[in-house]
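Novice: Provided below for reference: sequence and predicted model.
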Amino acid sequence: MARVLALSSHVAFGTVGLAVTVRALHALGHEVIALPTIVLSNHPGYPHVAGNKIPAVDLEKMLDALEANGWLRGTDCVLAGYLPTPSHVVIACSAVRMVRARNASALIVCDPIFGDDPEGLYIDGATAAALRQQLLPICDLATPNRFELSWLTDETVTTPQTAVDAARSLRVPTVLATSIPASDDRLATLRIAQNGACGCFVPRRRAAPHGTGDLLAALYLGHTLNGADPDTALGAAVADVEMAIGTSEGRDELSLSGGTVMGRAKPLPTVRI
């Protein structure tokens, strides 16, 4: 069992942000310290939404309390998800420093949640730029979708090969690139390192529920922390997400009741890119 410090959004209704991250990591046997960067009634894609960002100064105090109680000492990973302002990016970087001061080998993961196709950016550009300049350089793993990878690198990403080229320009040791267009009306999820790349390919769907990116990042991380090799972690995470989407068909939210879709699917095959 690993302990993960996760910073992201929290919703009262739905399966996005910490609601899905915590559930997925728990299903794979891990402990989660969950710090909400924003608390909302629901995903902003619905007609009505209410809530507020958690002030960065309050998050700093919470981190200090966790440290004072000794709970950061046993932390094996930091997962930074939705960070709504540049100040929240600074807090995420502080969390990384605090954890690595206790555990130099802690895994640092950035799920850069700031945009998607076709909407584009859904946070201000200054926050996305702060994430690129301050957080990505200290990460071991980043999990951008197609839009985010293109924005972060200022590269056109339209195929698996262009995604590989863009990801390597980030200088993050490993990039998990999602929703990458592929031939035959498929989408690819790619694991890209400087010395190799592989991918899982699935049929493109007309629509998918909210939270699939959060789920994929958490599952890949969870399998990795359990000692799975990179190919198996990728194939297992994508298979679990596909199963979750299948059981949620026609819904706006992922159906994760009972944990029946997490860590149970047979890993999909991976292909070298």
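Specialist: Structure received.

Novice: can I assume residue 234 sits in a helix?
Specialist: Yes. Counting by DSSP: H, G, I helix; E, B strand; the rest coil, residue 234 is part of a helix.

Novice: how many residues are close by it?
Specialist: For residue 234, the tally of surrounding residues (other CB atoms under 10 Å) stands at 26. For every residue, glycine as well, the C-beta is placed using N, CA and C.

Novice: swap in residue 63?
Specialist: 20.

Novice: surely it and residue 95 touch.
Specialist: Yes. Residue 63 is in contact with residue 95 according to CB atoms under 8 Å; the separation is 5.8 Å.

Novice: give me the common contacts of the two.
Specialist: residue 35 (CB atoms under 8 Å, 6 or more residues apart in numbering).

Novice: in this protein, where is pLDDT below threshold?
Specialist: 257-261 (pLDDT under 70).

Novice: could you pull out the strands for it?
Specialist: In the chain, the strands defined using DSSP state E lie at 3-11, 31-40, 51-53, 77-80, 107-110, 115-116, 120-121, 141-142, 174-182, 186-193, 196-203, 271-272.

Novice: and for residue 157, nearest residue in space, chain neighbours not counted?
Specialist: residue 150 (4.3 Å; CB to CB, 6 or more residues apart in numbering).

Novice: tally up the residues packed near that neighbour, please.
Specialist: Around residue 150 there are 19 residues (other CB under 10 Å).

Novice: before we move on, what about the one 5 residues further on?
Specialist: Residue 155: 16 surrounding residues under other CB under 10 Å.

Novice: tell me who's in contact with it.
Specialist: Residues counted as contacts of residue 155 (CB under 8 Å, 6+ apart) are 149, 162, 165, 166, 169.

Novice: how close does the last one get to residue 132?
Specialist: Residue 169 sits 12 Å away from residue 132 when distances are taken as CB to CB, to the nearest Å.

Novice: neighbour-wise, which of those two wins?
Specialist: A direct count of neighbours by other CB under 10 Å for residue 169 and residue 132 places residue 132 higher, at 21 against 13.

Novice: buried deepest among the strands of the chain, which one?
Specialist: strand 77-80 (a mean of 27; mean count of other CB atoms under 10 Å).

Novice: strand partners of it, parallel vs antiparallel please.
Specialist: The pairing partners recorded for strand 77-80 under DSSP bridges are strand 3-11 (parallel), strand 107-110 (parallel).

Novice: I appreciate the help and will end here.
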